[in-house]
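Novice: give me the fold of what follows.
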Amino acid sequence: MLFTEGIKLALQQIRAQKLKSFFAVIGVVIGVMFLMTVVTVIEGMNRYMEEDFARTIYGLNTITLSRWPEVQINTSAEQWREWVRRPRLTFEDADAIREQLDVPALVAVESGGGGRVAAEDGTEIENVWLTTASADYFRIRELKIARGRAFTAPEDRIGAPVVILGHEAAQKLFGDRDPLGRIVKIAGHRFRVIGVLEKQGTLFGMSLDNRAIAPSRSMLARVTAPHGVVDDILIRVHDPKDMQRALMEVEAIMRVRHRLRPDQPNDFALDTADDSMAFWTRISRILYLAFPTLVGIALVVGGMVIMNIMLVSVMERTREIGMRKAIGARRRDIIVQVLVESATLSGFGALIGIGIGIALAKIVDAVSPLPASVSPVWIVVSIVLGAGVGIVAGLYPASRAAKLDPVVALRYE
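Specialist: Next comes the predicted model:
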């Protein structure tokens, strides 16, 4: 009975004194709102990194061999100069890995750059990501063909003038017309469209469908990389358990090919999806450790305001409390009533904060490349946290109310 009565009294106070109640809960609203916004964005980023980013950039069970690391943070000018001096990767490097690697795996080369693609009717699109790759590239990257087919290994070896377009590129160039068999011009060279990729969407706001892929030895290779050179060599192992062994073997093969002494560092980079995820895990861990401090400051301020409001409320209801004690209410009954009122007040603020926080996270998700994911666990945590702030803030006012002398309280004006 005391709980329901306390909740009713708290709701009556909110309705009767809207401005005072607003200032009482504003700190809790801000704290919980910030908590929900940041957590939902971080949770969304975690899911996005695990499910989309790592798979798209690196591929599943895939090692990326390149001149320098894919993830570059606070790189010095000296480090850049050292990277630029490194030898370029070649088709011969890929062939050596394919022949000498003991671990069952697919090996492909990849090079890329931006450019224009034009249809025969004069329609032209810019900022298309142009890729030259070997035939196994599609299996390694798990690229599915929506229409037509991928090019074959023989077509790759002879450098056939064929191309696979991304969904967006095909749509912009040909509209509702069937693109298969049509001719497009890239860097002055004619290519026949033999396939269109399934729609992939975006990655951090960048379209993955505005692209064109041609054989690694086609004329497009003159645009993406110098003759005989490739940007990356991709190695996808069949069994995830062989990843570490494959890494060691690829490293050994490349060190021999580059004639590196045992005391010399690698002049190439080996990256996997786990490397990028380890980098993101460190960032998210720092965020999870940093933002509770900011949330705590807002909640402490909110708790102090609630405590002051409850002290005023206790003072305004001194005669009521005296009357309750005179007819038999115990100190415990008064304490419970005040704490329930305080917890209801802050809990109400927490609910408002949750609503605003989720709304802000959805807005961030809609207008920016940052994804958001609302977890029910954090909603429960926010409600408990809000109610807990109210209980802590109400302890002192409840203690003062419980210690009131009934005779003195009844005479209070």
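
Novice: which stretches of the stretch 101-250 of the chain form helices?
Specialist: Taking DSSP state H, counting those that start in this stretch as the criterion, the stretch 101-250 of the chain carries its helices at 137-141, 153-158, 167-174, 221-224, 243-257.

Novice: output the last one as CSV, nothing but the C-alphas.
Specialist: Think helix 243-257. What follows is helix 243-257, C-alpha atoms only, in CSV (Å, rounded to 0.1, in the frame of the first residue of the first chain):
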residue,chain,number,x,y,z
MET,A,243,44.7,-18.9,-40.3
GLN,A,244,47.7,-18.6,-38.1
ARG,A,245,49.6,-21.2,-40.0
ALA,A,246,48.8,-19.5,-43.3
LEU,A,247,50.0,-16.2,-41.9
MET,A,248,53.3,-17.7,-40.9
GLU,A,249,53.8,-19.4,-44.3
VAL,A,250,52.9,-16.3,-46.3
GLU,A,251,55.3,-14.2,-44.2
ALA,A,252,58.1,-16.7,-44.8
ILE,A,253,57.5,-16.9,-48.5
MET,A,254,57.6,-13.1,-48.9
ARG,A,255,60.6,-12.7,-46.7
VAL,A,256,62.5,-15.2,-48.9
ARG,A,257,61.3,-13.4,-52.1
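
Novice: flag every buried residue along it.
Specialist: Applying a neighbour-count criterion of 16 or more other C-beta atoms under 10 Å, the buried positions in helix 243-257 are 243, 246-247, 249-250, 253-255, 257. Using the backbone N, CA and C atoms, a C-beta is placed for each residue, glycine as well.

Novice: for the record, mean pLDDT for that helix?
Specialist: Per-residue pLDDT values over helix 243-257 give a mean of 94.

Novice: who does the following helix or strand past it pair up with?
Specialist: Next helix or strand after helix 243-257 toward the C-terminus (DSSP states H and E): strand 269-272. Partner strands for strand 269-272, per DSSP bridges, with pairing direction: strand 62-66 (antiparallel).

Novice: low pLDDT regions in the stretch 51-200 of the chain?
Specialist: Counting by pLDDT under 70, the ranges of the stretch 51-200 of the chain that qualify are 51-58, 71-73.

Novice: how about the strands in it?
Specialist: According to DSSP state E, counting those that start in this stretch, the stretch 51-200 of the chain carries its strands in the segments 62-66, 89-90, 105-119, 124-133, 145-148, 162-165, 183-186, 189-197.

Novice: dump those to a markdown table, plus distance to residue 45 and mean neighbour count.
Specialist: Conversion of the strands of the stretch 51-200 of the chain to a markdown table gives the following (distance: least, C-beta to C-beta, whole Å; neighbours: other C-beta atoms under 10 Å):
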| stretch | distance to residue 45 | mean neighbour count |
| --- | --- | --- |
| strand 62-66 | 22 | 23 |
| strand 89-90 | 31 | 20 |
| strand 105-119 | 25 | 20 |
| strand 124-133 | 23 | 20 |
| strand 145-148 | 29 | 15 |
| strand 162-165 | 31 | 26 |
| strand 183-186 | 35 | 18 |
| strand 189-197 | 26 | 20 |
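
Novice: make CSV from these and add distance to residue 364 to it.
Specialist: As requested, the strands of the stretch 51-200 of the chain are exported to CSV (distance: least, C-beta to C-beta, whole Å):
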stretch, distance to residue 364
strand 62-66, 30
strand 89-90, 39
strand 105-119, 28
strand 124-133, 25
strand 145-148, 31
strand 162-165, 32
strand 183-186, 37
strand 189-197, 29
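
Novice: pLDDT value on residue 305, please?
Specialist: 79.

Novice: could you count how many residues lie near residue 288?
Specialist: Neighbour count for residue 288, taken as other C-beta atoms under 10 Å: 12.

Novice: a helix runs through it, doesn't it?
Specialist: Yes: for residue 288, which was evaluated using DSSP: H, G, I helix; E, B strand; the rest coil, the result is membership in a helix.
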